[in-house]
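>>> please work out how this folds:
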Amino acid sequence: MAIKWSINQLDYEISKDGKSNVVTSVHWTASDAKEVTKDGKKVIYAGSNYNSIGLDTSDLSNFVEYNKLDEDTVVGWVKAKLGDDEVKSIEDGIARQIDKQENPTTGKGKPW
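Predicted coordinates:
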């Protein structure tokens, strides 16, 4: 399994310190899915985490023009802001979501 990090939306200030469209926060999703065959049928187990994170815009010396941004760059910003431990915690949590679906410990229903 490989966690996919994606960017849902960027919030930005239209003008700040002579720069245009300065990104101030990022809305992101980390997700993964696992396809298995169970009782002869394909089943997909999936997990995800959605959140947003604010960016420090007090120093624009490394500013990247809005129209030159790509998803990999912004995902890098998110992961750097979160830090290695939090990224690992998020990814481990998604793996646990998938594992709980594949190996449930509780159930629901009626016996009739």
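>>> packing partners of the strand ranked longest in the chain?
Counting by DSSP state E, the longest strand found in the chain is strand 19-38. Packing partners of strand 19-38 (3 or more Cβ pairs under 8 Å, 6 or more residues apart in numbering; DSSP states H and E): strand 4-16, strand 41-54, helix 71-82, helix 84-102. For every residue, glycine as well, the C-beta is placed using N, CA and C.
>>> closest one to Val64 among those?
helix 71-82 (6.5 Å; Cβ to Cβ).
>>> for the closest one, what is the average pLDDT?
Taken as a whole, helix 71-82 has a mean pLDDT of 97.
>>> which residues sit against it?
The contact list for helix 71-82 (Cβ atoms under 8 Å, 6 or more residues apart in numbering) reads 5-7, 10, 23, 26, 28, 53, 55, 64, 87, 90.
>>> ok, Ile14 - contacts?
20-21.
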